[in-house]
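Engineer: any chance you can model this:
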Amino acid sequence: TMPKEPAVLRQNILDTTAAILACGIDPKKCFLFRQSLVPEHAELAWILGCLTNVPRLLRLPQWKMKRASQNSEGTVGLLTYPVLQAADILLYKSTHVPVGEDQVLHLELAQDIAQHFNKKYGEFFPVPKAVLSEL
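Structural biologist: Here you go, the predicted structure:
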């Protein structure tokens, strides 16, 4: 949600990919791709954003904390990031999502968005469940 220099962003992508592979993720057994190359993520985020009300996003604690760190001038990208996360989950019709305690509220938003979409347009998205880990 913060602007990055293109060279730094490219290096971050390479470093993250290297870290994922170093952790033992086997690309022969799973899909490894750069999300920014899949336009459907942004497209679905736009659609879901049109179904999500601003007061709901303003109540998220992460928004309040991050906004405070940006001198109370939070960006639209920061505000709508949870909707993008919901799109990331719902695009693949995920049924179970591993999350940390700090992301439970964002997953609840994804659940609410899925339920709202399904009620308005018919059953389409599974309502994802949280898989909490002690780690």
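
Engineer: neighbouring contacts of the helix or strand hosting Gln62?
Structural biologist: Using DSSP states H and E, Gln62 maps to helix 61-69. Applying Cβ atoms under 8 Å, 6 or more residues apart in numbering, the contact partners of helix 61-69 are Thr1, Leu57, Glu73, Gly74, Leu78, Leu79, Pro82, Asp102, Leu105, His106. Any C-beta I mention is one placed from the backbone N, CA and C, and that applies to glycine too.

Engineer: let's see that with 10 Å instead.
Structural biologist: Here helix 61-69 makes contact (Cβ atoms under 10 Å, 6 or more residues apart in numbering) with 1-2, 57-58, 60, 72-75, 78-82, 102-103, 105-106.

Engineer: domain ranges for this structure?
Structural biologist: The chain is divided into the following domains under the TED database: 1-32, 36-132.

Engineer: start to end distance for the longest one?
Structural biologist: Spelled out, that is domain 36-132. End-to-end distance of domain 36-132 (Cα to Cα, to the nearest Å): 27 Å.
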